[in-house]
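K.L.:
Show me how the following folds:
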Amino acid sequence: MPSLSDVRQLVALYGILPLGSQAVHEKAPFIKSLLLAGPRGTGKRSLVHAICTETGANLFDLTASNISSKYPGKSGLTMLMHLVLKVARNLQPSVILINDAERTWLKKVPKTDKTDPKRLKKEIPKMLKGLKPEDRILFVGTSRCPFECEMKGLTGAFQKIVLIPRPDYASRHCKS
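P.N.:
Numbering: from 1, shown residues only. Here you go, the predicted model:
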């Protein structure tokens with residue numbers, strides 16, 4: 001299991017450096033997407049906000065609960081994705097976030113879930129194909145249970161997967 005310093009190094013390598021510097025972005029391998037996977041309360045969303053803060057990036061949150069009642073139908077979803085990409089390109093660097101990304105590729109959605117999490121399933125690969133190497137846009141997903149979904153879809157959408165361990169006593173209660 002990776003340590004918290006390994007996680008910090010990977011987030012800096014795949015998220016902060018390519019978005020923060022145009023020179024690094026041109027020379028480094030092109031990373032379109034990053035999945036932060038780990039148990040609840042390990043700081044996945046805080047890492048996404050740290051990426052945005054350190055790079056000055058704009059955050060677009062496409063979590064299923066945020067877009068559930070907005071832009072209805074297939075044409076509305078296509079328009080939403082088009083608008084997000086257009087604005088993200090104009091306001092580079094940008095981060096597009098999906099919390100609980102595993103819900104997008106669930107094998108069976110619970111009947112009690114009214115957010116329609118599978119709505120973006122076909123749009124995400126189209127969006128990632130549309131990203132060009134000169135775009136400073138990073139697609140980030142967070143996941144608590146990546147093993148509960150279709151692995152082919154999840155690993156197809158995310159190039160890099162970073163496992164975040166549960167913090168131990170020393171990392172939570174460090175006295176400096």
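K.L.:
Please count neighbours and contacts with C-alpha atoms only from this point.
P.N.:
Fine.
K.L.:
Can you pull up the most central residue in the chain?
P.N.:
Nearest to the geometric centre of the chain sits Val140, at 1.4 Å (C-alpha atoms, centre = their mean).
K.L.:
And what about that residue, helix, strand or coil?
P.N.:
The three-state label for Val140, taken from DSSP: H, G, I helix; E, B strand; the rest coil, comes out as strand.
K.L.:
Look at Thr155 and report its pLDDT.
P.N.:
Reported pLDDT at Thr155 in the predicted model: 85.
K.L.:
give me phi/psi at it?
P.N.:
Main-chain torsions, Thr155, degrees, to the nearest 10: phi -70, psi -20.
K.L.:
what do you get for the one 10 residues further on?
P.N.:
Main-chain torsions, Pro165, degrees, to the nearest 10: phi -80, psi 160.
K.L.:
mind listing what it touches?
P.N.:
When contacts are counted by C-alpha atoms under 8 Å, 6 or more residues apart in numbering, Pro165 touches 1-4, 38-39, 42.
K.L.:
Bridging across strands, which residues link to the residue nearest to the centre of the chain?
P.N.:
Leu34, Leu97 (DSSP bridges).
K.L.:
Name the nearest residue to Val48, ignoring sequence neighbours.
P.N.:
Sequence neighbours aside, Val140 is the residue nearest to Val48 in space, at 7.6 Å (criterion: C-alpha to C-alpha, 6 or more residues apart in numbering).
K.L.:
If I follow the layout properly, the one you found ends up in contact with Asp100?
P.N.:
No - Val140 is beyond contact range of Asp100, at 10.7 Å (criterion: C-alpha atoms under 8 Å).
K.L.:
what about the helices in the protein?
P.N.:
4-11, 17-20, 22-27, 44-55, 64-67, 73-90, 123-130, 151-157, 169-172 (DSSP state H).
K.L.:
Can you give me the buried ones in the fourth one?
P.N.:
Neighbour-count burial for helix 44-55, counted by 16 or more other C-alpha atoms under 10 Å, picks out 44-45, 47-52, 55.
K.L.:
Likewise for the first one?
P.N.:
Of the residues in helix 4-11, those buried by neighbour count under the rule 16+ other C-alpha under 10 Å are 4, 7, 11.
K.L.:
quick one: Phe139 from Tyr169, how far?
P.N.:
Taking C-alpha to C-alpha, to the nearest Å as the measure, Phe139 and Tyr169 are separated by 32 Å.
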